[in-house]
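In: fold the following for me, if possible:
(one chain, ligands or ions: 1)
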Amino acid sequence: MRWRGRFGAVPTPVVIVTGFLGSGKTTLLNHLLHNDDGVRIGVIVNDFGSVNIDAMLVAGQVDAMVSLDNGCLCCAVDASGMDAMLTKLTQPDSDIDVVVIEASGLAEPRDLLRLVLASEEADISPGGLVEVVDAAEFEATRAEFPQLDQHLAVADLVVLNKIDRVDDAARDRLIDTVRGLSDGAPVVPTAHGRIDPRLLFDPPEHPRPDDGQLSFDELLREDLGTDCADHLHAAFESVEFRTDEPLDPRQLMGLLSDPPAGVYRVKGCVHFGVPGHGQKFWIHVVGGFIQVSRDDWRRDEQPRTELVVIGASVDASEVLARLRACEVGGSCALDEQSMLGVLRYVDA
Ligand SMILES: Nc1nc2c(ncn2[C@@H]2O[C@H](COP(=O)(O)OP(=O)(O)OP(=O)(O)O)[C@@H](O)[C@H]2O)c(=O)[nH]1
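Out: As a prediction, this is how the structure comes out:
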């Protein structure tokens, strides 16, 4: 361990958590927050869309948080912007032991690493880069976006998540593939991000300056943040949808099961207008996989829907038109049966 502790002895480690859309970064972060063993964690949460769903999902559990939405951290801030966020989290009275940066699912890990390395904040030190891989979607995603291979190349630790969704043979094959791409970084297979927190908060054992990987110095010598055109997020866009009107569950589930072309990720909370089902429903779609969970609205919260739809070359007007078509008109009453299509995905 190399905690700064509350006495300022050691710089605060900054751990970067990256991974493609929906791979399980927020799930892993939540696992860390619930199993922190007294370690005080400050987080920087970055979401691609203008509604920061990830910040909503970790709010209230974290010791200190800075959130950045509407863009990828790798390009949306420069070194001084990153410094400002780190300074805010690590100021002497914050008592934070470790900072975890949860990048958006489209951020460029290498540039994030360079931002942390270039930091002039004296009280922090790089704490390693963790790449979360979705075991169920990785092969298909990699075929479409070969940049993912480079993302793995800078990882200090690879979390092969969602192994509950693949068989043993596929899991073993993936471990080999991912290990090859990450130049020997440790690969931890898991489900629901349940890794031992000490893996992240200890200094990375994987030696960075070796044959295959760039050293800190080499990374720093590269120009910082000059060209984002080849980043994954350049090919993606997000569409945000908010409404106070309740949504028709049949219409929405029809849309999520057969989304407009290019859509890969949908997340957010939904208010259905069905008697007996007035709770908040969190919706997650990753590739073709749908998951729903129930929650209570906060006391000060007005039930409403806030969804972010992310994809490559999506037709935003089609997405919005189809979402608008899910709104329940004032006079339309929904029967309880209409919820069946939602409930079959609850905690799937
Ligand atoms: N079956 C299964 N589902 C998982 C696992 N880990 C996460 N999920 C689900 O996958 C969905 C996406 O998880 P998140 O943690 O939000 O993923 P993320 O990487 O933060 O997503 P973005 O920020 O949009 O890139 C949610 O429905 C999670 O509950 C897992 O190991 N197994």
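In: partners of residue 236 in the sheet?
Out: residue 312 (DSSP bridges).
In: with residue 126 instead?
Out: residue 14.
In: ok, it to residue 74 distance?
Out: 15 Å (C-beta to C-beta, to the nearest Å). C-beta: built from backbone N, CA, C; applies to glycine.
In: equivalent analysis for residue 173, please.
Out: Residue 173 is 30 Å from residue 74, where distance means C-beta to C-beta.
In: how far away is residue 271 from residue 254?
Out: 18 Å.
In: and for residue 164?
Out: Per C-beta to C-beta, residue 164 is found 27 Å from residue 254.
In: and what of residue 345?
Out: Applying C-beta to C-beta, the value for residue 345 to residue 254 is 13 Å.
In: re the thing from before, more neighbours: which of residue 164 and residue 254?
Out: residue 254 (15 against 11; other C-beta atoms under 10 Å).
In: excluding its backbone neighbours, what's nearest the more buried one?
Out: residue 341 (8.0 Å; C-beta to C-beta, 6 or more residues apart in numbering).
In: can you name the residues that contact that neighbour?
Out: 249, 250, 253, 254 (C-beta atoms under 8 Å, 6 or more residues apart in numbering).
In: again, only using 6 Å
Out: 249, 250, 253 (C-beta atoms under 6 Å, 6 or more residues apart in numbering).
In: sitting in strands, which of these do you find?
Out: Using DSSP state E, no member of those sits in strands.
In: neighbour count, pLDDT and distance to the ligand added to those, as TSV?
Out: Shown next, in TSV, are those (neighbours: other C-beta atoms under 10 Å; pLDDT from 0 to 100; distance: C-beta to the nearest ligand atom, whole Å):
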residue	neighbour count	pLDDT	distance to the ligand
249	24	96	18
250	16	95	21
253	22	97	15
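In: using TSV, lay out these together with distance to residue 298.
Out: Formatted as TSV, the contacts of residue 341 follow (distance: C-beta to C-beta, whole Å):
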residue	distance to residue 298
249	22
250	27
253	25
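In: which is the succeeding secondary structure element to the strand or helix carrying residue 266?
Out: In this structure, residue 266 sits in strand 263-270 according to DSSP states H and E. Downstream of strand 263-270, the first helix or strand assigned by DSSP H and E is strand 280-286.
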